[in-house]
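Student: kindly generate the corresponding structure for this input.
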Amino acid sequence: MKYNKLANTDVDISAICLGSMTWGTQNTEAEAHQQIDFAAERGVNIIDTAEMYPTTPLSEATWGRTEEIIGSWIKKAGSNRNMLVATKVTGVGNQPYIHEGMPICPKKIRLALEGSLKRLQTDCIDLYQLHWPNRGSYHFRQFSTYDACGHNKSETIDHIREVLFCLQKFVDEGKIRYVGLSNESCWGVMQFLQTAKDNSLPRVVSVQNEYSLLCRLYDLDLAELSHHENVGLLAFSPLAAGLLSGKYADGNIPEGSRRTLINDLSGRLSERSEPALNAYLEIARKHNLPAAQLALAFCMERPFMVSTIIGATTMEQLEVNLGAAEVSLTDEIRKEIAAIYRKYPVPM
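Tutor: Predicted coordinates:
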């Protein structure tokens, strides 16, 4: 397993991060613990979760359950715990049953953090992330309705300052080690960095955005920020909700898969994405590589990547995904990927 330095820290995290959003719905507690143990044996040293998980499906009855499952593993592991934990405070929006749907603010952060610490059965969260900004986001295929011109700059910066002062308090109390963002824009990340610098507040060490062969928005501006400002990407959905594993090829819908719950995989599967998807799957077939390993290896070799978040509902899937850590892409494969990207730059 390769390890990367978390920006401006002495912490090394594995190039593969274990995702958890199926734990508590598609996966049982015992299955989740088995995944954690197996991933740890293969060198993975970080789990990513969120207070709103599981999301397959998302419901009032199950929110927080994933953190509880990880917490029971942490309790069982005791002093032998060898996993960092990253979690998130839910943003404002479509979960009114989580803290009454309030926007991210000091009150919400306190409620969310205390709840996460209790469910995770730990005294400190290694990486605490803001799940998405209060002002909205173009992620999750919301770019057609996203209106940055509707934002108030001074209100946004005041909010960022207020949030960072709040997070500083919890860092001082030893309840948070590092701070990260998720579903953010380049401008938004930069404002967090500048506000932290101006006020000696916690510096953002990572941003968790979607990234895959089919979703490469990060390449356009955030990659430049990552390079110059030393903020790494934690990529979620590197397999595009399973599309890039090839398991849905030829209209196949495996029993228990996410497509049985969300047929279009939250907008990822469409007439627009299928030609690009099929072209990438053909590269894997041509070079006799598991499609999932091709897609994950591509993500892991990106220069701005600090860790790539994988998810699995079966141990067989997990083993294949972890095997991507041993895959090195050839120049020929990189050229073929580049040709498809030129043809289908934004397929979903």
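Student: contacts and neighbour counts: CA atoms only from here.
Tutor: OK.
Student: all the helices of the stretch 101-250 of the chain, in order from the start?
Tutor: Assignment of helices within the stretch 101-250 of the chain using DSSP state H, counting those that start in this stretch yields the ranges 106-120, 153-172, 186-199, 222-229.
Student: which stretch among the ones you listed comes nearest residue 210?
Tutor: Comparing the helices of the stretch 101-250 of the chain by their distance to residue 210 (C-alpha to C-alpha), the top pick is helix 222-229, with 11.8 Å.
Student: for that closest one, packing partners?
Tutor: If contacts are counted by 3 or more C-alpha pairs under 8 Å, 6 or more residues apart in numbering; DSSP states H and E, helix 222-229 sits against helix 186-199.
Student: buried residues, the helix it packs on. List them.
Tutor: Residues of helix 186-199 classed as buried under the neighbour-count rule (16 or more other C-alpha atoms under 10 Å) are 186, 188, 189, 190, 191, 192, 193, 195, 196.
Student: ok, back up a step: how about the helices of the stretch 101-250 of the chain, which one is nearest residue 315?
Tutor: Among these, the nearest to residue 315 by C-alpha to C-alpha is helix 106-120 (23.1 Å).
Student: how far off helix 153-172 does the closest one point, in degrees?
Tutor: For the pair helix 106-120 and helix 153-172, the angle between their directions (axes from the mean of the first three to the mean of the last three C-alpha atoms, to 10 degrees) equals 40 degrees.
Student: got a list of contacts for helix 106-120?
Tutor: Around helix 106-120, the neighbours that count as contacts under C-alpha atoms under 8 Å, 6 or more residues apart in numbering are 51, 64, 67-72, 74, 87, 89-90, 99, 102, 123-125, 162-163, 166.
Student: span of stretch 204-223 from start to end?
Tutor: Stretch 204-223 has an end-to-end distance of 15 Å (C-alpha to C-alpha, to the nearest Å).
Student: return the alpha-carbon coordinates of stretch 256-271 using CSV.
Tutor: Included here for stretch 256-271 are C-alpha records, laid out as CSV according to Å, rounded to 0.1, in the frame of the first residue of the first chain:
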residue,chain,number,x,y,z
GLY,A,256,-28.8,-6.0,-3.9
SER,A,257,-26.8,-3.5,-5.9
ARG,A,258,-27.3,0.3,-5.7
ARG,A,259,-29.2,0.3,-9.0
THR,A,260,-32.0,-1.7,-7.3
LEU,A,261,-32.4,1.3,-5.1
ILE,A,262,-31.6,4.2,-7.4
ASN,A,263,-31.9,3.2,-11.0
ASP,A,264,-30.0,6.1,-12.6
LEU,A,265,-27.4,6.1,-9.8
SER,A,266,-28.1,9.7,-8.9
GLY,A,267,-27.9,10.9,-12.5
ARG,A,268,-24.6,9.1,-13.3
LEU,A,269,-26.2,6.6,-15.7
SER,A,270,-27.7,8.2,-18.8
GLU,A,271,-27.7,8.2,-22.6
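Student: returning to that earlier point: among the helices of the stretch 101-250 of the chain, which is nearest residue 347?
Tutor: With C-alpha to C-alpha as the criterion, residue 347 lies closest to helix 222-229 of those, at 19.0 Å.
Student: so the residue nearest to the spatial centre of the chain versus residue 299, what's the distance?
Tutor: Computing the C-alpha centroid of the chain and ranking residues by C-alpha atoms, centre = their mean puts residue 236 first, at 3.5 Å. Computed as C-alpha to C-alpha, the residue 236 to residue 299 distance reads 10 Å.
Student: which neighbours do those two have in common?
Tutor: 211, 308.
Student: which of the contacts of helix 106-120 fall in strands?
Tutor: 87, 89, 125 (DSSP state E).
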